[in-house]
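> From the sequence below, what's the structure:
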Amino acid sequence: MDAIEKDNPSLKGVLPKDYARPALDKQRLGELIDLIGSIALGDNESRSKDILGRVYEYFLGQFADAEGKKGGQFYTPRCIVKLLVQMIEPYKGRVFDPCCGSGGMFVQSEKFVQSHSGRLNDISIFGQESNPTTWKLCKMNLAIRGIDSSFIKWNNEGSFLNDEHRDLKADFIIANPPFNDSDWKGEQLKEDIRWKYRVPPTGNANFAWVQHFIHHLAPHGMAGFVLANGSLSSNNGGEGEIRKNIIEADLVDCIIAMPSQLFYNTQIPACLWFISKDKKNHKFRNREGEVLFIDARKLGSMIDRRHRDLTDEDVKKISSIYHAWRGEGGKYEDVIGLCKSVKLDEIRKHGHVLTAGRYVGSEEVEEDPEVFNEKMKRLTIELAEQFKESDKLEKEIKENLAGIGWRI
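Purely as a prediction, here's the structure:
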């Protein structure tokens, strides 16, 4: 264990103390180390495919599934992480997740840079986690991929009470905070500098997280994060006023309504928020006074009877809409039932509610050219024929049963 920690300083204090206990079969332990070494540290092909990382990610997902609600505390489904990263495109700068779980946001950010021929040294990652077990999972997840986790911090008080990155101004924030957290110790933080848009209610941390993210953004920074759908319309405890103030500050860039059954830990409907500190950003078109709404609730496919997944095509479809709207190439057009670019005046008319379906509308349904009376006449004739066929089949079944001594 000492040798492993020496080669990977970020794992110091992470691996269990009985990792190399004498009772372990030394031959099997050696074979395991050789296997891990050949996958994680061996030939370029194995490393480029991130085989060990993918295996680790797979088991995280399986464990999250088995653990249900508890599992969701550390694992965000890969398709959601991938969508967040594809949307905000963290090519270069500081990437921050103040509730980082097992580190999936960081891993996907690194993969994004690699897939777009960028340099991994161009991004640096910062994170915080309050659950010690989850923090260890994160450190290991990053270590097996060779990602520096020096700035992934832990304390048992959490990001609100003990912010480990108090002075950080991040270029990108990607996060999946706990939904509707009622035990975030808000009563101890009434005068906190982060509550620029109003003190959040002590019974729900949703808008404490939103304001925490905004506080930690650099002047040109962007944030993409997951929240419960209630954040789009709730007025409880002053949440509506906070949302209004954030909208009027022209920070909301995009809202995405997500399909159901994506998460392991909750059936609560979720949405994605995208915050931009600078909508005039010279890299993109000027989007001042506009918000893009995307309704993705009909996308995705069921991978088992409880869970849905967004395909790579779904992720590309959603992110391409945003990138075209943002002015990165391609032509953006409003599509009824899918997406709409909305001015702040229209959002004001709706009481600063951000529910996507309210703005994108419903898909147009083609008119049925057949006259109602004629259609009913045709359908009743077809139904009568089906009844006759049903009677015929019933008679034949009774006769066959009678032939073997069973009468109905």
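> Find the nearest non-adjacent residue to residue 355, please.
In space, and not counting its chain neighbours, residue 355 is closest to residue 232: 4.9 Å by Cβ to Cβ, 6 or more residues apart in numbering. Where C-beta positions appear, they are placed from N, C-alpha and C, glycine not excepted.
> Run a quick neighbour tally on that neighbour.
20 (other Cβ atoms under 10 Å).
> Isn't it up against residue 352?
No. With contact defined as Cβ atoms under 8 Å, residue 232 and residue 352 do not form a contacting pair (9.9 Å).
> Please enumerate the shared neighbours of those two.
residue 243 (Cβ atoms under 8 Å, 6 or more residues apart in numbering).
> pLDDT on the strand or helix carrying residue 402, on average?
Using DSSP states H and E, residue 402 maps to helix 372-403. For helix 372-403, the mean pLDDT works out to 79.
> That helix: how far from the chain's middle?
51 Å (Cα atoms, centre = their mean, to the nearest Å).
> For that helix, buried residues please.
Buried residues in helix 372-403, counting neighbours by 16 or more other Cβ atoms under 10 Å, are absent.
> Stretch 105-116 too?
Of all the residues in stretch 105-116, those buried under the rule 16+ other Cβ under 10 Å are 105-113.
> got it, and stretch 189-199?
Buried residues in stretch 189-199 (16+ other Cβ under 10 Å): 189, 192, 194-195, 197-199.
> Farthest pair within the residues you listed?
189 and 197 (14.4 Å; Cβ to Cβ).
> Dead centre of the chain: give me the residue that sits there.
residue 80 (3.3 Å; Cα atoms, centre = their mean).
> And the helices in this protein?
Listed in chain order, the helices of the chain (DSSP state H) span 2-7, 26-40, 44-49, 51-67, 78-88, 104-115, 132-143, 158-161, 206-215, 239-248, 312-326, 344-349, 356-360, 372-403.
> To residue 126, which of those lies closest?
Nearest to residue 126, of all the helices of the chain, is helix 104-115, at 9.2 Å by Cβ to Cβ.
> How far away from the center of its chain is that closest one?
Worked out by Cα atoms, centre = their mean, helix 104-115 lies 14 Å from the chain centre.
> residues in contact with it?
50, 53, 57, 60, 75-76, 78, 81-82, 84-86, 89-91, 95, 97, 100, 119-120, 122-123, 125, 127, 141-142, 145, 147, 172, 174-176.
> List buried residues within those residues.
If we count by 16+ other Cβ under 10 Å, the contacts of helix 104-115 have these buried: 50, 53, 57, 60, 75-76, 78, 81-82, 84-86, 89-90, 95, 97, 100, 123, 125, 127, 141-142, 145, 147, 172, 174-176.
> mind giving me the domain ranges of this structure?
2-49, 58-360, 371-408 (automatic domain parsing).
> so how far is residue 194 from the closest residue to residue 201 other than its chain neighbours?
Counting by Cβ to Cβ, 6+ apart, residue 237 is the residue found nearest to residue 201 once chain neighbours are left out, at 2.6 Å. Distance, residue 237 to residue 194, by Cβ to Cβ, to the nearest Å: 17 Å.
> Now do the same contact list for the residue lying closest to residue 86 once chain neighbours are set aside.
Using Cβ to Cβ, 6+ apart and skipping residues adjacent in sequence, the residue nearest residue 86 is residue 319, 4.1 Å away. Applying Cβ under 8 Å, 6+ apart to residue 319 gives the contacts 83, 86-87.
> Looking at these, spot the one nearest residue 373.
residue 83 (48.5 Å).
> Could you measure from that closest one over to residue 217?
20 Å.
> Show me which of these two is the more surrounded one.
Neighbour tally, residue 83 and residue 217, criterion other Cβ under 10 Å: the higher count belongs to residue 83, 25 against 22.
> got JSON lines for the helices of the chain, with distance to residue 273 too?
Output for these, formatted as JSON lines (distance: least, Cβ to Cβ, whole Å):
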{"stretch": "helix 2-7", "distance to residue 273": "39"}
{"stretch": "helix 26-40", "distance to residue 273": "35"}
{"stretch": "helix 44-49", "distance to residue 273": "33"}
{"stretch": "helix 51-67", "distance to residue 273": "23"}
{"stretch": "helix 78-88", "distance to residue 273": "10"}
{"stretch": "helix 104-115", "distance to residue 273": "15"}
{"stretch": "helix 132-143", "distance to residue 273": "23"}
{"stretch": "helix 158-161", "distance to residue 273": "17"}
{"stretch": "helix 206-215", "distance to residue 273": "7"}
{"stretch": "helix 239-248", "distance to residue 273": "9"}
{"stretch": "helix 312-326", "distance to residue 273": "13"}
{"stretch": "helix 344-349", "distance to residue 273": "14"}
{"stretch": "helix 356-360", "distance to residue 273": "11"}
{"stretch": "helix 372-403", "distance to residue 273": "45"}
